[in-house]
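S.K.: Pasting the sequence and the predicted model now:
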Amino acid sequence: MELIELYIQEVTRRLPEKNRDDIALELQSTIEDMLCKDYTEQDVKEVLKKLGDPVTLASGYRDRPMHLIGPRYYDVYISLLKMILPISAVLSLISLIGDGTFVDLGEKTVIEVIFIIIGKGIVGIFGTAIQVFFWLTLLFAVLERTDTSKDHRPLTKGFKRWTPDDLKQISNISAKKAITKVEIFGGLLGIGIFAALYFNASSLLGVYESSKDGLTFVTPTFNQEVLNAYWLLIFCIIILGVCLAIYKLLAGQWTLKLAWLHTFYQLFTTIAFIIIISNPHLLTDDFLAYMTKIFSIGEWKDSIYWGLILLVIFFAAFDAYQGFRKAKIR
Amino acid sequence: MSTLLNSLTTELRRGTLTLAVLSQLKIPQYGYSLVQRLEKSGISIDQSTLYPLLRRLEKQELVTSSWDTSESRARKYYSLSVYGEEIFTQLKQEWEKTSQELYILLKGEGEDGAD
């Protein structure tokens, strides 16, 4: 008798509360139907063996799937994972560079610094990968369980059902139009290095003089306080840049829309550059004094200023033009 | 080899279970009586498949159920609903058509099409 109760309990505790009593009662009566009048424990065991594993029985009663991510979502899940994992790995590397790794390096040799960076990089990438994997899997597991539609056909990347038109998108990407992954990750890495240099400028960028113990840092070029005052602007540039890179990765090829977005981004960064470079306190007094001593810089300071601005505008315009040129290729 | 054959056979029969169960529910049946009836006709169905299947059919409104407490033991009886009868008739026609087509197909192979 006790075995039967335990069995029923094993089944029902896996079921939603509202069905439990009814199913328990039905199981009870079924099991008793299957037993003869004066049954032994052995008979009970036989009958329970026929009913099978309580977990299997319970899962049969439940509408929820016994898998985490089923065929409907599997393909979307895997493609998103493949897409997001490398991006997040690069981003974690970038955040590592900007994380003040350079600040407390102190007296370490170059080899030691390289080992520290590699070690931190591996740990960072591993941690980020686990996070991404966990949250994405959780998201899809929830989707799988909350999807009430009767449609069980697999979904494509855009969370839509496959149509023959999807084929056109694949074949359309010619090598000339395509945005390579190297380009995107190179861009992201560039943003990361820029951020690291920008926010650690006072300890990294400046005048180095060669002396007996190698290079010594004489004076920083930039006023860190002035640079830090523009943090919001720089954050906007970094975030927009990362978003644009992810959008490029998803699009896979140059389109007119992407070319416009790219142009606006170039425009934005150029304006930001001009604003920052126009700040009269950007360069440190020490640096100015040092430079004046060597090059008598005071005379052509204005031409350097305008030259830099023109150079940046030229490169931004060229880059924007390349986007439109590639978008127009058929 | 025989495990492969087993799994293929199970797969082959799985789809017919619903039809087999529906066919027996013109007269109300409780779980175990249904098992016995099916077994008598040579159809073996895992009990752990049958009971959840009955509930699913009820949820799909193909069968209705009621508890009978008049006997020594309370039993839940399942029987075809009007909608269930309709679906059963159509499903039966579909099955007859399929088995006929398959019979012709297999006969063409020079094989014994039975079973």
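M.R.: Here it is on my side, so go on.

S.K.: what's the residue closest to the geometric middle of chain B?
M.R.: With distances taken as CA atoms, centre = their mean, the residue of chain B nearest its centroid is residue B:20 (2.3 Å).

S.K.: give me the low-pLDDT residue ranges for chain B?
M.R.: B:1, B:110-115 (pLDDT under 70).

S.K.: Which parts of it are helices?
M.R.: Taking DSSP state H as the criterion, chain B contains helices spanning B:2-23, B:31-40, B:47-59, B:82-108.

S.K.: Spell out which residues of chain A are next to chain B.
M.R.: Residues of chain A found near chain B (CB under 8 Å from any CB of the partner chain) are A:22-23, A:25-27, A:29-30, A:32-34, A:50-53, A:56-57, A:60-61. Just so you know, the C-beta spots here come from the backbone N, C-alpha and C atoms, and that holds for glycine as well.

S.K.: Restricted to buried residues, select those residues in ChimeraX.
M.R.: Of the residues of chain A next to chain B, the buried ones go into a single ChimeraX selection, burial set by 16 or more other CB atoms under 10 Å in any protein chain shown:
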select /A:23,26,27,29,30,32,33,34,51,57,60,61
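
S.K.: Can you tell me which of the residues of chain A next to chain B end up in helices?
M.R.: Applying DSSP H to the residues of chain A next to chain B, the entries found in helices are A:22-23, A:25-27, A:29-30, A:32-34, A:50-51, A:56-57, A:60-61.

S.K.: and the helices of chain B, which is most packed in?
M.R.: The highest mean neighbour count among the helices of chain B, using mean count of other CB atoms under 10 Å in any protein chain shown, belongs to helix B:47-59: a mean of 19.

S.K.: Check what contacts the one helix or strand residue A:236 maps to and list those residues.
M.R.: According to DSSP states H and E, residue A:236 maps onto helix A:231-251. The contact list for helix A:231-251 (CB atoms under 8 Å, 6 or more residues apart in numbering or on different chains) reads A:83, A:87, A:91, A:179, A:181, A:183-184, A:187-188, A:191, A:195, A:198-199, A:258, A:261-262, A:265, A:268-269, A:272, A:275-276.

S.K.: Out of those, which end up buried?
M.R.: Neighbour counting by 16+ other CB under 10 Å classes A:87, A:91, A:179, A:184, A:187-188, A:191, A:195, A:198-199, A:258, A:261-262, A:265, A:268-269, A:276 among the contacts of helix A:231-251 as buried.

S.K.: Select from the residues you listed every entry located in helices.
M.R.: A:87, A:91, A:184, A:187-188, A:191, A:195, A:198-199, A:258, A:261-262, A:265, A:268-269, A:276.

S.K.: Low-confidence regions, chain A specifically.
M.R.: Residue ranges of chain A with pLDDT under 70: A:1, A:64, A:94, A:96-113, A:150-152, A:157-158, A:169-173, A:211-216, A:296-300.

S.K.: So which bits of stretch A:118-125 are buried?
M.R.: By neighbour count with 16+ other CB under 10 Å, stretch A:118-125 contains the buried residues A:120-121, A:124-125.

S.K.: again but with stretch A:233-243, I slipped
M.R.: A:233-234, A:237-238, A:240-242.

S.K.: which parts of chain B sit against chain A?
M.R.: B:30-33, B:46-49, B:51-53, B:55, B:67, B:73-76.

S.K.: Tell me which stretches of chain A form helices.
M.R.: According to DSSP H, the helices that chain A contains are A:2-12, A:17-34, A:41-51, A:54-61, A:71-97, A:110-146, A:165-172, A:181-199, A:201-204, A:224-229, A:231-251, A:256-277, A:285-295, A:301-328.

S.K.: From the contact counts, what lies against the first one?
M.R.: Going back to what we said before, that points to helix A:2-12. helix A:17-34, helix A:41-51, helix A:54-61 (3 or more CB pairs under 8 Å, 6 or more residues apart in numbering or on different chains; DSSP states H and E).

S.K.: One more: the shortest one?
M.R.: Using 3+ CB pairs under 8 Å, 6+ apart as the contact criterion, the elements in contact with helix A:201-204 are strand A:214-220, helix A:224-229.

S.K.: again, 7 Å this time
M.R.: Contacts defined by 3 or more CB pairs under 7 Å, 6 or more residues apart in numbering or on different chains; DSSP states H and E place helix A:201-204 against helix A:224-229.

S.K.: can you check the second one too?
M.R.: Using 3+ CB pairs under 7 Å, 6+ apart as the contact test, the elements touching helix A:17-34 are helix A:2-12, helix B:31-40.

S.K.: I'd like these written out as JSON lines, with distance to residue B:109 added.
M.R.: Below are the helices and strands packed on helix A:17-34 laid out as JSON lines (distance: least, CB to CB, whole Å):
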{"stretch": "helix A:2-12", "distance to residue B:109": "44"}
{"stretch": "helix B:31-40", "distance to residue B:109": "30"}
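
S.K.: To residue A:217, which of those lies closest?
M.R.: helix A:2-12 (70.7 Å; CB to CB).

S.K.: where does the closest one sit relative to the chain's centre, distance-wise?
M.R.: Relative to the centre of its chain, helix A:2-12 is centred 47 Å away, using CA atoms, centre = their mean, to the nearest Å.

S.K.: quick check: domain ranges of chain A?
M.R.: A:1-61, A:67-163, A:173-329 (the TED database).

S.K.: Turn these into a markdown table, columns for distance to residue B:105.
M.R.: As requested, these are arranged in a markdown table below (distance: least, CB to CB, whole Å):
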| stretch | distance to residue B:105 |
| --- | --- |
| domain A:1-61 | 33 |
| domain A:67-163 | 27 |
| domain A:173-329 | 44 |
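
S.K.: What sits closest to residue A:281 if chain neighbours are left out?
M.R.: Spatial nearest neighbour of residue A:281, excluding adjacent residues (CB to CB, 6 or more residues apart in numbering or on different chains): residue A:226 at 5.1 Å.

S.K.: I'd guessed that neighbour sits against residue A:277; true?
M.R.: No - using CB atoms under 7 Å as the test, residue A:226 is too far from residue A:277 to be in contact (10.8 Å).

S.K.: what about these two, which has more around it?
M.R.: When neighbours are counted by other CB atoms under 10 Å in any protein chain shown, residue A:226 comes out ahead of the other of residue A:226 and residue A:277, with 16 against 13.

S.K.: Rebuild the helices of chain B as JSON lines, extending it with distance to residue A:12.
M.R.: Formatted as JSON lines, the helices of chain B follow (distance: least, CB to CB, whole Å):
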{"stretch": "helix B:2-23", "distance to residue A:12": "23"}
{"stretch": "helix B:31-40", "distance to residue A:12": "16"}
{"stretch": "helix B:47-59", "distance to residue A:12": "12"}
{"stretch": "helix B:82-108", "distance to residue A:12": "27"}
